Every structure is written in structure tokens, then in C-alpha cells.
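Asker: Pasted the sequence and its predicted model underneath.
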Amino acid sequence: DFAPVMNLLKSGDDATLSDDQIRMDVDSISLAATNLYGFAGIGGAPWEDLDQDGEITGEEEKWANTNAQGVAILDADMAMALMRPSLSQIPGVGAVLPKFISLKVNIDYAGLIGLEDVVTANLQDIQVNINTSIIPGLPPVGALLLALPNIDYIASFEGEDTNNNFILDEGEDLNLDGLLNRGMEMSSGLNAFYLDFDNEVLEVAGYAEFKLLGIIELSAGFYMGKRIETVTLHDYVSGTDGTATTVSLSFAIIEAYGYIGEPSKDGVYWIDANEDGKITNEDGGAKTSDSVIGVALEDLSIGFTVMRQTGVATWDDVSDETEIALNVQGLLTVYAGIVGSLTNIELVGVPGVELRASDFVLYANFSTLPTLIVDFSKSGDEDENGVRGAFAITVTPTLSLSFEELDKLMLVVQGSALARIYSGDFDYIRMSAAFSFEISTDGMEVFFDGQLDIANGLMN
């Protein structure tokens, strides 16, 4: 959105750069810290260097001291860089030029430890990624909705790629992670940490967990952020696809599990069956076998994204005039996608009563111009063959929310519910319902099935 202005600040022409890049002289300050561990409490820190190699590695060393009680941060990496155009040194010029800010934070664990009998509160796999700029006079709303100038660290810094050929050659894998790390190196050796952004991003993601006295449990993955995304657009008038760069604002709660009610003997309702420290779908819905009374929430996910086109989109098999018209329409259109699902929410442990809602699904793909939408099934990352997969909001490789179903203009809502009062195999009252509503470019479908059964003589 600021390309014409930023071109005035470039430090000469460079044929190796793409149309959306310029080379600029900057003044910078940066700082970093890797493998950070911190603890405040009693019983000593939870970690211990068991093999005496000078580093804390592996889960066994992180949690070696089971007597620790307090607040801890385990295995954190942080890097920050502040930059400004060198022209800012000219008196009065700095007041109108952008300032670039980059921040990258990865934290394995932050929260309470050793107090699980009373309270559990922690964040895991925390990621904070910021690569943007501060434009003097630009209001906060503009900063959210516009694509702002930023530093392309992949193009600007070679990192491990010492011969600058974008290939991991022998001897270049300095941190032994099997990857070619380009970007601004913030620490070296096996703990090498890089600022490796190549576009604007402001995001925070992770996994959160809270438990209190076995009475309340709540856990979920979470995401909130602004990104620059390359997406596939579809125009229903011309019947063709286009590729566009968009500014996206996204939010998601992923695989939420919860419980409120009577505590079990072990103090937990949902069980971490695979012992990875999280309650997710990977645990297969494992739960206590104790008979407890409460309300249980199983696998709730909800996510939405709002997008607007920035720059010029390219369209397949259309005339120049049609492409110009589609770009004008695209620049004036706001796109949105919503996905949601709920496996189950139910009242548990009450003898003779069954009350639950299950299998709820919500899909919505729409825009302010209904003839022009984002095909989310083809708006994700490219594979090695250049084919785009589905758009997804990702916290970890095993904790993500796909928008693959949103491949057309659509609204889908469906689910089921059951209420039952019974004794053994005999139902005094049973009410059940299932519904589905779908409207899309394929047409409209509505389904409802409900049933009410009342035992003979109960109404007398």
C-alpha cells in the first residue's frame, strides 16, 4: 500500500530485486537472548543439567526437580531489531519517515509449576512474530488494515547460506537442524536463532491451559494476528481464478476442551493420554472413569479471517480490460471466511438424565461483492510443485484449523441435540433433533428431523 512512497527512499536500483522490493540503507539496533530459563518460587528450579554438558536439553532435564513450586519460563528464545532509514539523520526528515520493528519470541513453557493439586495455569509453544513499521501520523486502524513497509530478512541477510545460492550446501548447516536458515543471525552455533521474516506479520499463537481445584478445566490452542497472504480469488462472472496478495486479520480457538463440576479422584476430567502436556484431539477424547456431575466441552474450534486485496492481482485467461475491472472490484471488496465445529457439549453424571448437543458445524465464505470470493481451498502454502494447498491457521504442526471446505460462496450450519429422562433402558421423555442448512452457488438445502417421545401414562 505504501510502495510508491517507499520507492522514493531506495538506495539505488538493483535488477535482482522483485517489483515489491527496494534496497535501503538503514541504521539499526538489535538484541537477542536464547535458551532462557527463569524461575521464582521455592524448592529450587525445575530444571537440572543432568549430563553436566552446560545446557538444559530434553524434557527430562527441563523437569528434573519435582519439588519446585512457583512460576517458571522454560526454553525461551527472543530477538528484536529496530531500524530506520539512514536519511533520518538529516534534521527534520526522521519525523516523517517510517521506523521498522521486528520481534520474534518462542517460549516452550511459561506458567505455574508444582501447584497442580490447587491450580494449573500455563502457556505452551508461545510464538510472537512481529515484522512491521511505524508510520508517523497513521492511526491504529490504518496500521491494521493496510499493508505496511517491512524488512525482508530472507532477501537482506544470507544467514547460513554463505555462497548466497539459496541451497543448503555441505558445511552450511551450522545449527544442525537440517534446514537452510537465511535471515539475520541473532545467535550462533547450535543455538543459532534468526530473524527470518520475508513479509509483514503481527501475530501471537500458542496453547493455554487453566485448571482450578478439579472443578474448572479449560484448554485450547489460540491464534490472533495480521499477515500478508497470497490467495486464490474466483470471479463467478468470468468463471476464472486470480492470484492476489491480501492483508488478513485472523482469530482462532482450536481444539478447546473444558469441564466445570464435581472434581474427580485424580482432579482431572480430560486425560492427557499421549502425555504431551496438552489436551487435544491427539488424546482421542480420553476422560476420567469416575462418576462426576458437571458439564463437559469436547473439541470446540472456531476461526475467522477477514481479507482485503493489496496491490495488483493477476487473472487467468481474461482480457486486459477485464483484468483491470477485476482489480478495481477486488481493491474495493472485503472477503471473509468462518469455520467452526463442536464435537460435543453435555451434562454428565446425573443419574437418569442425558442432555447434550453434538456434531455442530459452521462454514461461511462470503464477501461484500458476492460475485468475487476467496477460494480458501487453494489459498495456503505452495508445495514443491507450486500447487497451493488450503488456507489454515496453525499453532503447531498438530494443532491447526483448516479452511479447506470454503471453496465457494456458501453458508452451512448443522448439528444435533438430545434431551432424555430415563431409568435403565426405559425412556420417560426423549427429545431429539438434527438439522442442516446450506446455501451456496450449488443451491439451497434445508433438513430437519425432530422427535418427541413421552411414555404412556406420564401425562395423566
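Answerer: It's in.
Asker: where are the low-confidence patches of the chain?
Answerer: 1-19, 188-190, 457-460 (pLDDT under 70).
Asker: how about a cut-off of 50?
Answerer: Low-confidence segments of the chain (pLDDT under 50): 460.
Asker: So residue 327: helix, strand or coil?
Answerer: helix (DSSP: H, G, I helix; E, B strand; the rest coil).
Asker: hang on, I meant residue 276
Answerer: coil.
Asker: contacting residues around it?
Answerer: Applying CB atoms under 8 Å, 6 or more residues apart in numbering, we find residue 276 in contact with residue 282. To be clear about C-beta, it is placed using only N, CA and C from the backbone, and glycine gets the same treatment.
Asker: 6 Å instead?
Answerer: With contact set as CB atoms under 6 Å, 6 or more residues apart in numbering, residue 276 has no partners.
Asker: mind checking the backbone torsions on it?
Answerer: Torsion angles at residue 276 (phi, psi; degrees, to the nearest 10) stand at phi -100, psi 10.
Asker: same question, the one 5 residues further on
Answerer: Dihedral pair for residue 281: phi -60, psi -20, per degrees, to the nearest 10.
Asker: Neighbours of it, how many?
Answerer: 15 (other CB atoms under 10 Å).
Asker: before we move on, what about residue 220?
Answerer: Using other CB under 10 Å, the number of residues around residue 220 comes to 26.
Asker: Can I take it that it is in a strand?
Answerer: Yes. With three-state DSSP as the criterion, residue 220 is part of a strand.
Asker: what about the nearest residue to it once chain neighbours are set aside, which helix or strand?
Answerer: Spatially, and ignoring its direct neighbours in sequence, residue 220 is nearest to residue 256 (3.6 Å; CB to CB, 6 or more residues apart in numbering). Using DSSP states H and E, residue 256 falls within strand 240-261.
Asker: got the buried residues for the helix or strand following that strand?
Answerer: The helix or strand immediately downstream of strand 240-261 is strand 294-315, counting by DSSP H and E. Buried residues in strand 294-315, counted by 16 or more other CB atoms under 10 Å: 294, 296-311, 313, 315.
Asker: Stretch 116-133 now?
Answerer: Those would be 120, 122-133, for stretch 116-133 by 16+ other CB under 10 Å.
Asker: same check, this time on stretch 342-349
Answerer: 342, 343, 345, 346, 348, 349.
Asker: The residue nearest to residue 220: neighbour count?
Answerer: Based on other CB under 10 Å, the number of other residues close to residue 256 is 20.
Asker: wait, doesn't it sit right on residue 219?
Answerer: No. Residue 256 lies out of contact with residue 219 (CB atoms under 6 Å); the separation is 7.0 Å.
Asker: mind putting the buried residues of stretch 342-349 in a markdown table, distance to residue 61 and secondary structure included?
Answerer: Formatted as a markdown table, the buried residues of stretch 342-349 follow (distance: CB to CB, whole Å; DSSP: H, G, I helix; E, B strand; the rest coil):
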| residue | distance to residue 61 | secondary structure |
| --- | --- | --- |
| 342 | 39 | strand |
| 343 | 36 | strand |
| 345 | 40 | strand |
| 346 | 41 | strand |
| 348 | 39 | strand |
| 349 | 40 | coil |
